[in-house]
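**Student:** Give me the fold of what follows.
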Amino acid sequence: MKLKTLKIQPLVFLLSLIIFLSSCGIYKPVDARKVPTNDKDKREKNMREGKKIKFGRGSNKKGGDFEFSSSNPLWRATLEIINFMPLSNADYSGGLIITDWYNQDNSKNESIKITVRFLSNEIRSDGLKIIIHKKICDEKLNCKISLLKDGLGNGIKIAILKKAAKIKSNTLEKIKEDNSDIVLTR
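**Tutor:** Numbers count the residues shown, from 1 in each chain. Predicted structure coming up:
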């Protein structure tokens, strides 16, 4: 009895391995000549295959409304306030702006780096988080980086919020002016 089970086990294993490998499908190599090379052909191919990018309500179940940087007062105000510093990273969808290391001409061994995190699109003091790092280097270029916890972060935050409020009020005034030409009749 044990001899029969010992002979059947390798056969069952081999048979299940063959079935598993054959169910993976046939390998189809891609012909490089059929892949579109210019952007227009790639866009048309993606549209045909249903790989469209959709924005706004109703585009998909997970989506939402996207407010782009030209219409978000906090984003615009932040870029205007820190426009003297070179940007290292600006990711609107992630809500993050990181500047590069910046130093004034009179302090060659000290520089700062500002990170702005957007926690909300609303103009509120808790909608922004400002993180400032300070780098101090000695003559041998040994640098020490530390988190700066003085009033500079709050000063930048207040300046951004004031500028954002001004941008928003100017935008609302412009919308009112544009809509004043519309006459409603019955």
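
**Student:** Longest helix in this protein, please.
**Tutor:** helix 152-179 (DSSP state H).

**Student:** Which neighbouring elements make contact with that helix?
**Tutor:** Using 3 or more CB pairs under 8 Å, 6 or more residues apart in numbering; DSSP states H and E, the elements in contact with helix 152-179 are helix 73-81, strand 110-118, strand 128-137. C-beta: built from backbone N, CA, C; applies to glycine.

**Student:** Does residue 86 touch residue 98 like I think?
**Tutor:** No - using CB atoms under 8 Å, residue 86 is not in contact with residue 98; the gap is 10.5 Å.

**Student:** Looking at these two, which has the bigger crowd around it?
**Tutor:** residue 98 (16 against 10; other CB atoms under 10 Å).

**Student:** Skip the chain neighbours and tell me the closest residue to that one.
**Tutor:** Spatial nearest neighbour of residue 98, excluding adjacent residues (CB to CB, 6 or more residues apart in numbering): residue 89 at 4.3 Å.

**Student:** State the helix or strand in which that neighbour lies.
**Tutor:** strand 87-91 (DSSP states H and E).

**Student:** Tell me which residues of the helix or strand following that strand come out buried.
**Tutor:** Next in sequence after strand 87-91, counting helices and strands by DSSP H and E, comes strand 96-99. For strand 96-99, the neighbour count (16 or more other CB atoms under 10 Å) marks 97-99 as buried.

**Student:** Sheet-wise, list the partners of strand 96-99 with their directions.
**Tutor:** In the sheet, strand 96-99 lines up against strand 87-91 (antiparallel), strand 110-118 (antiparallel) (DSSP bridges).

**Student:** okay, those, which one's buried deepest?
**Tutor:** strand 110-118 (a mean of 18; mean count of other CB atoms under 10 Å).

**Student:** Hey, what's the angle from that one to helix 152-179? Just curious.
**Tutor:** 50 degrees (axes from the mean of the first three to the mean of the last three CA atoms, to 10 degrees).

**Student:** neighbouring contacts of strand 110-118?
**Tutor:** 74-75, 78, 82, 85, 88, 95-103, 127-137, 148, 152, 156, 160 (CB atoms under 8 Å, 6 or more residues apart in numbering).

**Student:** 6 Å - rerun?
**Tutor:** 78, 95-99, 101-103, 129-136 (CB atoms under 6 Å, 6 or more residues apart in numbering).
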